[in-house]
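Undergrad: Structure for this input, please:
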Amino acid sequence: MNSAAVVNFAPQKGSVEIRQLPRPQIGDEDVLLEVSHVGICGSDLHQWTADHSWHVQYPVVLGHEFAGHIVELGSKVVTWKEGDRVVSETAAVIDPNNPMTRQGQYNLDPTRKGFGYGVNGAMTRFVRVPARILHRVPDHLPLEQACLTEPCCVAYNAVVKNARIEPGDRIVVLGPGTIGILCAGMARLCGAEVAIVGLAQDAHRLEIAKQYGCEIIIGDAKSWAIDRDGLGCDGVIDAAGASVTLKIALELVRPSGWISKVGWGPQPLGFNLDALVQKNIRLQGSFSHNWPIWERVIALLASGRFDVRPIIGGIWPLEDWQDAFEKMHRGEIVKSILKPH
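TA: Residues are numbered from 1 along each chain as shown. Here you go, the predicted model:
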């Protein structure tokens with residue numbers, strides 16, 4: 001039985017189309033997941049527009065933010081049953097003997113392959129998933145919200161694990177995309193005062209960030225950053241990824257402050273890093289997530305303490321993927337979600 005899938009088939013711009021693919025065959029330690037909802041990530045858009053900076057195994061089914069129901073179990077899977085409501089992490093292929101994996105940081109295994117670029121992802125009806133990366137979704141948490149656990153985990157890692165926020169800190173977030181807004185919300189949850197910064201064309205997305213209790217700034221954030229004592233903000237989360245935003249972050253942050261960089265960008269830096277040295281700043285990269293982060297984020301979503309509903313701009317059937325991509329790409333909405341069947 002074939003199912004429609006959104007496939008990125010070549011490295012050229014616009015090389016995404018609907019194709020019919022057979023139902024995946026699962027291994028002994030896998031499950032077959034029937035996808036209920038799948039979020040469109042900025043990385044999916046970057047592969048569509050061909051301005052990404054990571055290796056892609058073409059052709060590949062896009063989609064790594066997904067939730068659904070188990071419909072088939074591998075012979076060695078013992079902790080799950082058919083019908084279970086689940087979300088999946090993104091680390092589809094890892095090396096169990098890699099030192100990073102042995103430390104529980106399999107997200108940093110250099111041989112790791114993720115859904116939607118390294119192996120087939122979830123913009124289709126059925127996806128093969130290793131049972132080791134499944135997480136149970138509480139019955140009262142709708143799957144259209146649960147499918148956004150993954151970007152919330154990216155934000156949690158950037159804000160909670162890879163930064164050092166204390167209640168009362170002043171934090172600037174650069175970039176009001178999905179990750180930027182979720183990072184701002186996480187920083188608010190940590191007790192920080194937060195300003196999120198964008199451009200004039202980001203006005204709609206900045207208004208959505210207001211719902212997370214953030215100050216919104218179009219353009220220069222210097223006056224807000226130095227408002228307390230003239231030295232700058234305590235930390236900056238760079239969720240935009242362009243070279244210029246890292247330069248801005250270095251200007252905004254106070255001496256002995258920190259920058260958590262979560263945004264990707266292939267452009268080389270066009271400036272020196274002397275300010276990093278002179279101001280004694282900690283520059284921290286933040287990539288992906290692991291098991292305990294997922295468990296905490298699901299608890300936050302299920303309890304209502306963290307709400308993804310403000311960022312959801314709509315739910316589209318799979319065949320309307322291009323409309324969903326374009327609306328998100330133009331900045332009309334923050335997050336598009338596809339419903340495969």
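Undergrad: Quickly note the distance from the one residue sitting closest to the centre of the chain to Leu276.
TA: Among the residues of the chain, the one closest to the centroid is Pro151, at 2.9 Å (Cα atoms, centre = their mean). For Pro151, the distance to Leu276 equals 28 Å [Cβ to Cβ, to the nearest Å]. (C-beta placed from N, C-alpha, C; glycine too.)
Undergrad: where's the residue nearest to the centre of the chain, which helix or strand?
TA: helix 149-156 (DSSP states H and E).
Undergrad: And the helices in the chain, which stretches?
TA: 42-49, 99-102, 143-146, 149-156, 178-189, 203-210, 222-225, 243-252, 274-278, 291-303, 321-329 (DSSP state H).
Undergrad: Turn those helices into a markdown table, columns for mean pLDDT and distance to Gln57.
TA: Shown next, in a markdown table, are those (pLDDT from 0 to 100; distance: least, Cβ to Cβ, whole Å):
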| stretch | mean pLDDT | distance to Gln57 |
| --- | --- | --- |
| helix 42-49 | 96 | 11 |
| helix 99-102 | 97 | 20 |
| helix 143-146 | 98 | 27 |
| helix 149-156 | 98 | 19 |
| helix 178-189 | 98 | 24 |
| helix 203-210 | 95 | 31 |
| helix 222-225 | 98 | 42 |
| helix 243-252 | 96 | 28 |
| helix 274-278 | 97 | 35 |
| helix 291-303 | 98 | 24 |
| helix 321-329 | 97 | 20 |
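Undergrad: residues touching the residue nearest to the centre of the chain, list them.
TA: Applying Cβ atoms under 8 Å, 6 or more residues apart in numbering, we find Pro151 in contact with 39, 41, 65, 178-179, 182, 335.
Undergrad: Ranking by neighbours, what's the top pick from these?
TA: Neighbour tally across these (other Cβ atoms under 10 Å): the maximum, 32 neighbours, falls on Glu65.
Undergrad: so that residue touches Gly39, yeah?
TA: Yes. Between Glu65 and Gly39 there is a contact at 3.5 Å, judged by Cβ atoms under 8 Å.
Undergrad: hmm, back to that, tell me the buried residues in the helix holding Pro151?
TA: By neighbour count on 16 or more other Cβ atoms under 10 Å, the buried set for helix 149-156 is 149-156.
Undergrad: ok, of the residues you listed, which one's closest to Gly331?
TA: Lowest distance from Gly331 to the buried residues of helix 149-156 (Cβ to Cβ) belongs to Pro151, with 16.6 Å.
Undergrad: how long is stretch 50-58 end to end?
TA: Terminal residues of stretch 50-58 lie 13 Å apart, using Cα to Cα, to the nearest Å.
Undergrad: which outside residues touch that stretch?
TA: Contact partners of stretch 50-58, identified using Cβ under 8 Å, 6+ apart, comprise 8-15, 43, 46-47, 113, 117-119, 264-266.
Undergrad: circling back to that earlier point, looking at the helices of the chain, which is closest to Gly313?
TA: With Cβ to Cβ as the measure, helix 321-329 is the member of the helices of the chain nearest Gly313 (6.7 Å).
Undergrad: now Ala242: how far from Gln145?
TA: Using Cβ to Cβ, we find Ala242 at a distance of 30 Å from Gln145.
Undergrad: Look at the two and report which has more neighbours.
TA: Legend: neighbour count by other Cβ under 10 Å for Ala242 and Gln145, higher for Gln145 (19 against 16).
Undergrad: Identify the residues contacting the nearest residue to that one once chain neighbours are set aside.
TA: Leaving aside its chain neighbours, Gln145 sits nearest to Val308 (5.3 Å; criterion: Cβ to Cβ, 6 or more residues apart in numbering). Taking Cβ under 8 Å, 6+ apart as the criterion, Val308 is in contact with 145, 148, 152, 182, 301, 335.
Undergrad: Drop anything exposed from the contacts of stretch 50-58.
TA: Neighbour-count burial within these applies to 8, 43, 46-47, 117-119, 264-265; the criterion is 16+ other Cβ under 10 Å.
Undergrad: so can I have CSV of these showing distance to Val71?
TA: Formatted as CSV, the buried ones among the contacts of stretch 50-58 follow (distance: Cβ to Cβ, whole Å):
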residue, distance to Val71
Asn8, 25
Ser43, 27
His46, 31
Gln47, 27
Tyr117, 24
Gly118, 23
Val119, 19
Trp264, 34
Gly265, 39
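Undergrad: List just the nearest of those residues to Val197.
TA: The nearest member of the buried ones among the contacts of stretch 50-58 to Val197, counting by Cβ to Cβ, is Gly265 at 16.0 Å.
Undergrad: Just give the number of residues close to the closest residue to that closest one other than its chain neighbours.
TA: Nearest non-adjacent residue to Gly265, counting by Cβ to Cβ, 6+ apart: Gly241, 3.5 Å away. Here the count is done by other Cβ under 10 Å, and Gly241 has 22 residues near it.
Undergrad: same thing with the one 5 residues further on?
TA: Using other Cβ under 10 Å, Leu246 has 22 neighbouring residues.
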